[in-house]
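Q: I need the structure of the sequence given here:
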Amino acid sequence: MFDFSILTENIDMYLMGFKNTVIASLIALGGSFAIGTIIAVMRIAPSRPLNWIGTAYVEFIRNIPLILITFIFYFGLPTLNIRLDGFVAGTIGLAVYTAAFIAEAVRAGIQSVSSGQMEAARSSGLTYVQAMYYVILPQAVKIVIPPLGNQFINLVKNSSILGVVAGLDLMYFGDLVASKTFVTFDVYIFVAIFYLVLTVPLSLSVGYLEKRLARSY
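A: Numbers count the residues shown, from 1 in each chain. As a prediction, this is how the structure comes out:
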């Protein structure tokens with residue numbers, strides 16, 4: 001049986017960690033989507049230097065661990081006299097890491113849009129950036145909603161990286177409760193339940209959107 005007194009007696013710490021996890025996830029979600037979209041456009045832009053930069057970003061970030069990226073912001077930047085607390089460093093690292101995967105999803109969506117759409121937009125007087133923003137990207141995002149949703153779910157789970165750098169998230173406060181109560185299994189089961197409160201509704205929402213889009217197509 002679980003010792004529910006661990007939850008009730010430390011509910012303030014759990015809720016604080018839950019709140020910070022939600023905030024970090026939302027900030028990282030917005031940041032990763034913005035960065036990922038820019039990188040995706042760079043990868044297919046009619047400019048070889050931009051292609052190189054976009055490709056280098058994706059290949060470099062995707063092939064190193066998230067914890068290493070987070071350590072670069074938390075431990076590396078102080079050598080340049082730039083100091084970030086654990087919450088900020090972890091959130092930035094999470095956004096930068098997830099952006100590489102979102103970039104690939106968005107790029108696939110852009111490439112699935114008929115090339116005639118871009119040609120028609122350019123012939124009507126739009127610049128490349130305007131055509132991409134007003135014509136191509138809205139169609140591409142609809143196509144890649146399922147993989148984007150999966151990446152956002154992964155982002156929420158990966159937010160536990162903040163606990164490694166004292167980011168005041170669920171895992172961080174879970175560790176504090178475990179060290180205070182000398183109980184591990186029950187403590188982390190409750191942590192897992194709080195994560196499920198975030199990820200299950202998100203997963204159901206993604207499935208619902210996917211079905212609606214499938215019917216509209």
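Q: Dead centre of this protein: give me the residue that sits there.
A: When C-alpha atoms, centre = their mean is applied to the chain, the residue found nearest the centroid is L155 (4.0 Å).
Q: wouldn't that residue be in contact with L94 here?
A: Yes. Contact criterion C-beta atoms under 8 Å: L155 and L94 qualify, at 6.4 Å. Quick note: C-beta positions are derived from backbone N, CA and C, even for glycine.
Q: Now list whatever residues contact both of these two.
A: 25, 28, 32 (C-beta atoms under 8 Å, 6 or more residues apart in numbering).
Q: Who wins on neighbours among those residues?
A: A28 (26 neighbours; other C-beta atoms under 10 Å).
Q: pLDDT wise, what is that one at?
A: Per-residue confidence (pLDDT) for A28: 96.
Q: next one: A214
A: For A214, the predicted pLDDT is 66.
Q: mind listing what's buried in the longest helix belonging to the chain?
A: The longest helix of the chain (DSSP state H) is helix 11-44. Going by neighbour count (16 or more other C-beta atoms under 10 Å), the buried part of helix 11-44 is 13-14, 16-18, 20-22, 24-25, 27-29, 31-33, 35-37, 39-44.
Q: again, but for stretch 108-122
A: For stretch 108-122, by 16+ other C-beta under 10 Å, it's 109-110, 113, 118, 121.
Q: Tabulate these (TSV), appending distance to L198, pLDDT and secondary structure.
A: TSV is the format used below for the buried residues of stretch 108-122 (distance: C-beta to C-beta, whole Å; pLDDT from 0 to 100; DSSP: H, G, I helix; E, B strand; the rest coil):
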residue	distance to L198	pLDDT	secondary structure
G109	25	88	helix
I110	29	86	helix
V113	32	83	coil
M118	38	82	helix
A121	38	82	helix
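Q: Quick check: which ranges of the chain have low pLDDT?
A: Within the chain, the segments meeting pLDDT under 70 span 1, 213-217.
Q: all helices of it, in order?
A: 4-9, 11-44, 48-62, 66-71, 86-112, 115-123, 128-131, 137-143, 145-158, 170-181, 185-216.
Q: Mind checking those for the one nearest to V164?
A: helix 66-71 (6.2 Å; C-beta to C-beta).
Q: hmm, who's touching that closest one?
A: Here helix 66-71 makes contact (C-beta under 8 Å, 6+ apart) with 61, 89-90, 93-94, 96-97, 158, 161, 164-165.
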